[in-house]
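> A predicted structure for the sequence below; I have some questions about it.
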Amino acid sequence: MANYGSTDRVRRTAKEQYIVPARRRNETIVKIHSGAFGKFLVQNNILPPNRYPIICNALKSGKFLKENRLVLEEIQGPPSGRSSTVTFVYKVEPQAPSPPGSSPDPNTNSPNSFLNLRGILKATYRQLGGAEKFHRRERESWDR
């Protein structure tokens, strides 16, 4: 996937925070409130504050809908559709079946389940300044 900066970060984060967990819970409807999502993006240093036009455009983009197999059912909020009060309501389409020979579902109890966790904290460590730096700070705080 090409990287287009802020918009791609918004789409990727929405997928990780809303769509993937909803699929795990077998939910058919997902709602994303732009204000709450924007606050999360700012707190996690993904976007600077008050970038609601970028957030709203990313959440209603065809690319986001297609990549996540979503149908945008409703946009609740002001006519502009680009503020902190907008809520997007999506219908989650069933997940496409995996082709034969593809990697197994990481939620199964196969012998490789542990290996599927590899890299799961990569983004978190990056936000914390790196794994080594984070763990060093934690160890130093034990002595205080």
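Received the coordinates, thanks. No experiment lies behind these values; they were computed from the predicted model shown.
> what's downstream of the worst-scoring helix or strand of the chain on mean pLDDT, the next helix or strand?
Ranked by mean pLDDT, DSSP states H and E, the helix or strand of the chain with the weakest confidence is helix 122-127, at a mean of 78. Following helix 122-127 in sequence order, the next helix or strand is helix 131-142 (DSSP states H and E).
> quick revisit: now do the least confident helix or strand of the chain: distance to the chain's middle.
A distance of 14 Å separates the centroid of the chain from that of helix 122-127, by Cα atoms, centre = their mean, to the nearest Å.
> Export only the CA atoms of it, formatted as PDB.
Only the C-alpha atoms of helix 122-127 are listed here, as PDB (Å, rounded to 0.1, in the frame of the first residue of the first chain):
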ATOM      1  CA  LYS A 122       6.300  -2.600  17.200                       C
ATOM      2  CA  ALA A 123       4.200   0.500  16.800                       C
ATOM      3  CA  THR A 124       3.800   0.900  20.600                       C
ATOM      4  CA  TYR A 125       7.600   0.700  21.200                       C
ATOM      5  CA  ARG A 126       8.100   3.200  18.300                       C
ATOM      6  CA  GLN A 127       5.800   5.700  20.100                       C
END
